[in-house]
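Chemist: What follows is a predicted protein model with its sequence.
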Amino acid sequence: MVAISHLPIWVFAGAIAASIYLAFLIVQYLLSTLRPKDFPPGPPAVLGLGNLHQIPLKKPYLKFHEWSRLYGEIISLKAGTANLIVLQSPEVVHELLSKRAAYYSGRPYSYISVEHVFGEHRDKHILNVQNDSYLRRWRTAAAYLVGKNSLQNIMPMQEATSTTLARNLLDGTPSETLRELKKWALATPLLAVCGQRLEKRGPDFADRFFGIQKVWLELLEPGKAPPVDAFPFLRWVPERFALWKSNARMVRKFMLETYFSYLETTLKAKNDAKEKGGKSQGRFQSVLSRIMEDEEAERGKHNAKATFSYDELAYVGGGLIDAAVDTTWATLSSFVLYMAASPDAQAKAHEEISRVSPDQPPGGDVIESMPYLRACLLEILRLCPAAPNGIPRVVSREDNYKGFRIPKGATVVINFWGMQRNQDDYDRPDEFLPDRYLKHPLGLKVGAQETPAKRATYTFGAGRRICPGDQFAQNSVLIAMSKLLWAYNIVPTEEKSLDLDVETAFHSGLILGPEPFKVDFVLRDAAKKEAVVRDYDEAQAVLGGFGL
């Protein structure tokens, strides 16, 4: 055994240097968890943790809203060494995300999503797109679904699927209500994007779809997925001890299967049409079919404009369907819950709908004649924003706002929940009061400051990453609710009051939706049944125009 005193001097020197370097890294880490100079205001950080111990893993928007009263419209937090900026007013959101969109449009890196779910398709999914050119092409493609002209073409599909929902609830039970709402939410975008009726995908497809969506959203939710981005060593935990790895593999498998099958469905319809003389099959043309036809025409003109690859087109279609389903399902579910819990508001909506369409279930052509129903929807979007914190952005270069330093690489989130419950803007902001939107188009109270940045709802985001599907979603929900309320009284199944508390009645995560609840759909009078069935039969003729 070699005596320590006989070891070469360079061994001692190396050990001392390594110790100094390790100490330097530890000090550097500890200091980086403290607030940088000129950082926006926020709660004091703790050495080594920052604000990690203060940021709730579930429903953080509630805490952000509480902090906004202490620290103002823009607050900052330290999540370990990471910088987090929370925007909490329309004005600061407009200034940073719209006027300075070039710096605030990136997506933060998420190891689980990028490496385990998207994989080789990481640059194609809208949740992770970083390329501005591709984002512009994606938005152009999305216009086939949500553009002004497209909304009129798609409205008959929304009417038909809403009619099917109303018919299915004739014989439904409280336990089946939420399942029917989910089927409705999936049926319309599936039909519009790839031209396929939901029932053609088999009886269990909707259940599988929403089951996978639940797992997928949990992988994206802090608190349910491990913090592998903050603590990279967790990435190497074996799968038998890391359930998230098998869940991510399951989500990836389903995503690949469905996205490419949507595209194959569209291609089959186009080939069938060619065999029949080149005529389009059915009354309507799906979004994917229109994109492909336009791109074929551009290639025929030898236009050098970039077009989508086969894989990109599959992810365009799949991403559109996923985005449309989550927001409309969460919003309609919240709408049904609040109608059942608010009999006076429901009675007022009944009166308006019956006056506009006394003899038959209303269609999309009359929803603009129902201002109170739209006010009810805007109030739901205010109280129950489908994405209460939106989807995070990342700052691409250092910026300064009102003297506050916003570091490059900081993650930015918008607290839509808090913005839409601001006491300075809204009377009794925690209450369901649709009439606020009849008194003021933005729902603002008397004396509230009006600025160009304020809108009736902020639920759909801002800047380059704003969701383009706001009118599509609103039309879908309004048509469905007009048909349901024309035919039914929506009442609690049990005598006790329905729970509306966000802490207990709504699930956490990226998407805010009600926990399971039970309501009955009771015909307003016996004659309504015949009209609902007749409306359904007529809708089947419309849906038959697709032939898929």
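Modeler: Great, that's in hand.
Chemist: For the stretch 151-300 of the chain, just list every one of the helices.
Modeler: Assigned helices in the stretch 151-300 of the chain, in chain order: 174-194, 205-220, 243-275, 287-300 (criterion: DSSP state H, counting those that start in this stretch).
Chemist: From the chain's centroid, how far away is the second one?
Modeler: Once both centres are worked out by C-alpha atoms, centre = their mean, to the nearest Å, helix 205-220 turns out to sit 13 Å from its chain's centre.
Chemist: just use 13 as the starting number from now, easier for me
Modeler: Renumbered: residue one is now 13, and that last one reads helix 217-232.
Chemist: Buried ones in it, by neighbour count?
Modeler: 217-218, 221-222, 224-225, 227-232 (16 or more other C-beta atoms under 10 Å). To be clear about C-beta, it is placed using only N, CA and C from the backbone, and glycine gets the same treatment.
Chemist: Next, the angle from it to helix 255-287.
Modeler: 140 degrees (axes from the mean of the first three to the mean of the last three C-alpha atoms, to 10 degrees).
Chemist: hang on, N143 packs against D135?
Modeler: Yes. With contact defined as C-beta atoms under 8 Å, N143 reaches D135; the gap is 6.7 Å.
Chemist: Between the two, tell me which one has more neighbours.
Modeler: D135 (15 against 11; other C-beta atoms under 10 Å).
Chemist: and the more buried one, that one's in a helix?
Modeler: No. Applying DSSP: H, G, I helix; E, B strand; the rest coil, one finds D135 to be coil, outside a helix.
Chemist: Relative to Q142, how far out is it?
Modeler: 7 Å (C-beta to C-beta, to the nearest Å).
Chemist: and if you look at G473?
Modeler: The value you get for G473 to Q142, if C-beta to C-beta is used, is 17 Å.
Chemist: Could you do A91 as well?
Modeler: Where Q142 is concerned, A91 sits at a distance of 21 Å (C-beta to C-beta).
Chemist: Give me the contacts around stretch 236-246.
Modeler: 69, 91-92, 94, 121-124, 230-231, 247, 254, 256, 521 (C-beta atoms under 8 Å, 6 or more residues apart in numbering).
Chemist: try stretch 104-120
Modeler: So stretch 104-120 is contacted by 85-86, 99, 139-142, 144, 147, 403-409, 411, 413, 418, 423-424, 426, 431, 464-465, 470, 474-477 (C-beta under 8 Å, 6+ apart).
Chemist: Give me the buried entries from these.
Modeler: Among those, those classed as buried by 16+ other C-beta under 10 Å are 85-86, 99, 139-141, 403-407, 411, 418, 423-424, 426, 431, 465, 470, 474-477.
Chemist: Sort out for me which of these are in helices.
Modeler: Those of the buried ones among the contacts of stretch 104-120 mapping onto helices are M431, per DSSP state H.
Chemist: Now, the buried ones among the contacts of stretch 104-120 that are in strands?
Modeler: 86, 99, 405-406, 411, 418, 423-424, 426 (DSSP state E).
Chemist: need those residues in a markdown table with pLDDT and distance to I333, can you?
Modeler: Converted to a markdown table, these look like this (pLDDT from 0 to 100; distance: C-beta to C-beta, whole Å):
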| residue | pLDDT | distance to I333 |
| --- | --- | --- |
| I86 | 95 | 35 |
| L99 | 95 | 29 |
| R405 | 89 | 23 |
| V406 | 91 | 26 |
| D411 | 94 | 35 |
| I418 | 94 | 35 |
| T423 | 91 | 27 |
| V424 | 93 | 27 |
| I426 | 93 | 24 |
